[in-house]
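**Q** sequence unknown, structure follows:
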């Protein structure tokens, strides 16, 4: 029978399963696209945008939730994407036995930075 | 005269691989790349490559021809020669044994993982397990794979993780058995594929589709496997 891959590589992935990561990647991409379309559409359709209008938009609860959802999507998308890149290039096969420690270092660093950005973004969004 | 540049490496003699240049008179004929290799081998018997059926059925002579993976026996010079030059290298990503011959163990290990045989533990009927024409039609575009490895060795995901990612060829075969109405191990097969590497290292860049000498579409088969995984997960 086939033995499943259970290793450090899998444990540091976001959803721990290929299907779950794949689905999160697709859904988060959709959310980011929707946000981009909305923001660009808003800016184009509001040529003489004033500060008060912009502040009012971003301090409304629906907009805050949409922004937060997008930030969470970016975080998840980046987590999965960076995990893919790191497990492609920083591997024992390619650069030798030091790869595992090096990859965990980069992976934890990436996770920490991502989570910090999320907290910072929440602080900004609810500080408007 | 056609200029031919060939990857040469004999680990018993050479410290590292090098490209050797040949000139060959094809008399203006649009012959196959394999014919060129045979002519060169007649001149230089130390040149090593795999070949067998010479008609695109056995899958032995997969190689990188002017930058694109393909079978030498069914690739005419008119498709492969650029600026009167033909460049031949072994399939990329797997260890070279000598010249154009690569070690395909890793490729076969992935093929073995997907259990490329019918699993059905129900009692066998008296004559054979029947399929409707519709059920049989699902196997078209899947059973034709000749395991030449042109697709998997054109796939960056397979280059970086040949031990974990099954690769386009193995996944096409995996779907061939998932789609077979006579196979009863669908759930077990799917369960063995739902890790972050086996299937999901495919990012859909479709190099496999571009190079397949049999015109098959592994990316589409991988999409079908994903859909089956999603359905079985609900």
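**A** Cool, the structure landed. Since we're looking at a predicted model, the values are computed, not measured. Residues are numbered from 1 along each chain as shown, chains lettered A, B, ... in the order given.

**Q** I'd like the distance between the one residue in chain B that gets nearest to chain A and residue B:134.
**A** Among all residues of chain B, residue B:200 sits closest to chain A, at 3.3 Å; criterion: Cβ to the nearest Cβ. Using the backbone N, CA and C atoms, a C-beta is placed for each residue, glycine as well. Taking Cβ to Cβ, to the nearest Å as the measure, residue B:200 falls 30 Å from residue B:134.

**Q** So those two - more neighbours on which side?
**A** Neighbour tally, residue B:200 and residue B:134, criterion other Cβ atoms under 10 Å in any protein chain shown: the higher count belongs to residue B:200, 26 against 8.

**Q** Need the phi and psi values for that one.
**A** Dihedral pair for residue B:200: phi -80, psi 0, per degrees, to the nearest 10.

**Q** secondary structure class for residue A:36?
**A** helix (DSSP: H, G, I helix; E, B strand; the rest coil).

**Q** how many neighbours does it have?
**A** 11.

**Q** Would you map the helices across chain B?
**A** B:33-43, B:77-80, B:105-113, B:133-137, B:156-160, B:167-178, B:186-191, B:207-211, B:218-233 (DSSP state H).

**Q** would you turn these into a markdown table with mean pLDDT?
**A** Shown next, in a markdown table, are these (pLDDT from 0 to 100):
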| stretch | mean pLDDT |
| --- | --- |
| helix B:33-43 | 96 |
| helix B:77-80 | 96 |
| helix B:105-113 | 96 |
| helix B:133-137 | 97 |
| helix B:156-160 | 96 |
| helix B:167-178 | 97 |
| helix B:186-191 | 94 |
| helix B:207-211 | 97 |
| helix B:218-233 | 94 |
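
**Q** ranking the ones you listed by burial, who's on top?
**A** helix B:167-178 (a mean of 26; mean count of other Cβ atoms under 10 Å in any protein chain shown).

**Q** Could you report the distance from residue A:26 to chain B?
**A** From residue A:26 across to chain B, the span is 10 Å (Cβ to the nearest Cβ, to the nearest Å).

**Q** burial of that residue, as a residue count?
**A** 10.

**Q** pLDDT wise, what is residue B:194 at?
**A** Residue B:194 is assigned 85 on the pLDDT scale.

**Q** right, and it touches residue A:15 too?
**A** No: using Cβ atoms under 8 Å, residue B:194 is not in contact with residue A:15, being 10.8 Å away.

**Q** Check what pLDDT the residue most central in space within chain B gets.
**A** Nearest residue to the geometric centre of chain B (Cα atoms, centre = their mean): residue B:149, 2.1 Å. Looking at residue B:149, its pLDDT stands at 97.

**Q** again with residue A:14
**A** The score at residue A:14 is 75. That number is its pLDDT.

**Q** what kind of secondary structure is it in?
**A** coil.

**Q** Quick check: it touching residue A:23?
**A** No: contact status for residue A:14 versus residue A:23: not in contact, 10.7 Å apart, counting by Cβ under 8 Å.

**Q** Buried residues, the host helix or strand of residue A:55. List them.
**A** Using DSSP states H and E, residue A:55 sits within helix A:51-59. Of all the residues in helix A:51-59, those buried under the rule 16 or more other Cβ atoms under 10 Å in any protein chain shown are residue A:57.

**Q** Could you measure from the residue most central in space within chain A over to residue B:124?
**A** Chain A has residue A:75 as the residue nearest its centroid, 1.9 Å off, counting by Cα atoms, centre = their mean. Distance, residue A:75 to residue B:124, by Cβ to Cβ: 54 Å.

**Q** cool, residue A:123 as well?
**A** Computed as Cβ to Cβ, the residue A:123 to residue B:124 distance reads 67 Å.

**Q** Also residue B:44?
**A** In terms of Cβ to Cβ, residue B:44 sits 54 Å off from residue B:124.

**Q** follow-up on the earlier one: the strand or helix carrying the residue nearest to the centre of chain A packs against which elements?
**A** Per DSSP H and E: residue A:75 is located in helix A:61-89. For helix A:61-89, the packing partners by 3 or more Cβ pairs under 8 Å, 6 or more residues apart in numbering or on different chains; DSSP states H and E come out as helix A:18-45, helix A:51-59, helix A:99-125, helix B:156-160.

**Q** Contact partners for the closest residue to chain B within chain A?
**A** Residue nearest to chain B within chain A: residue A:18 (3.3 Å; Cβ to the nearest Cβ). With contact set as Cβ atoms under 8 Å, 6 or more residues apart in numbering or on different chains, residue A:18 has these partners: B:193, B:194, B:195, B:196, B:197, B:198, B:199, B:200, B:229.

**Q** With residue B:159 instead?
**A** B:92, B:93, B:153.

**Q** can you pick the most crowded of those residues?
**A** Neighbour max across those (other Cβ under 10 Å) = residue B:153, 29 neighbours.

**Q** my read: that residue touches residue B:93, true?
**A** Yes: using Cβ under 8 Å, residue B:153 is in contact with residue B:93, at 4.7 Å.
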